[in-house]
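1. this one's structure only:
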């Protein structure tokens with residue numbers, strides 16, 4: 001399983017719009033067969049900082065996700081809300097292992 005952590009800082013006046021757009025993207029993303037988990041969290045002491053934790057079954061699932069209409073819409077919609085470019089880091093799951101998914 002591949003875990004992608006996406007770190008996002010948005011402009012303070014864009015927080016509500018970013019949350020709305022990202023919740024919509026997350027709701028659609030979890031319906032994709034290659035996505036195991038899609039968490040969207042907000043930093044407690046900095047409400048303009050967010051983390052998306054996405055768990056995929058394979059590299060192919062990541063590629064398919066990036067081809068979806070809801071991802072393209074999200075990316076386009078939130079681009080101007082970013083205080084700085086988002087940063088993503090890939091991880092490989094150790095536990096639980098793929099046998100559980």
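-> Yep, that arrived. Here the structure is a predicted model, which is why all the values come from computation and not from measurement.

2. buried sites along stretch 29-47?
-> Neighbour counts over stretch 29-47 (16 or more other C-beta atoms under 10 Å) mark 29, 32, 34, 35, 36, 38, 40 as buried. All C-beta atoms are positioned from the backbone trio N, CA, C, and that covers glycine.

3. Find the residue at the geometric middle of this protein.
-> Nearest to the geometric centre of the chain sits residue 52, at 4.0 Å (C-alpha atoms, centre = their mean).

4. looking at the sheet around that one, what are its partners?
-> Beta-bridge partners for residue 52, by DSSP bridges, are residue 6, residue 40.

5. Provide a list of residues in contact with it.
-> By C-beta atoms under 8 Å, 6 or more residues apart in numbering, residue 52 lies in contact with 4, 5, 6, 8, 22, 26, 38, 39, 40, 41.
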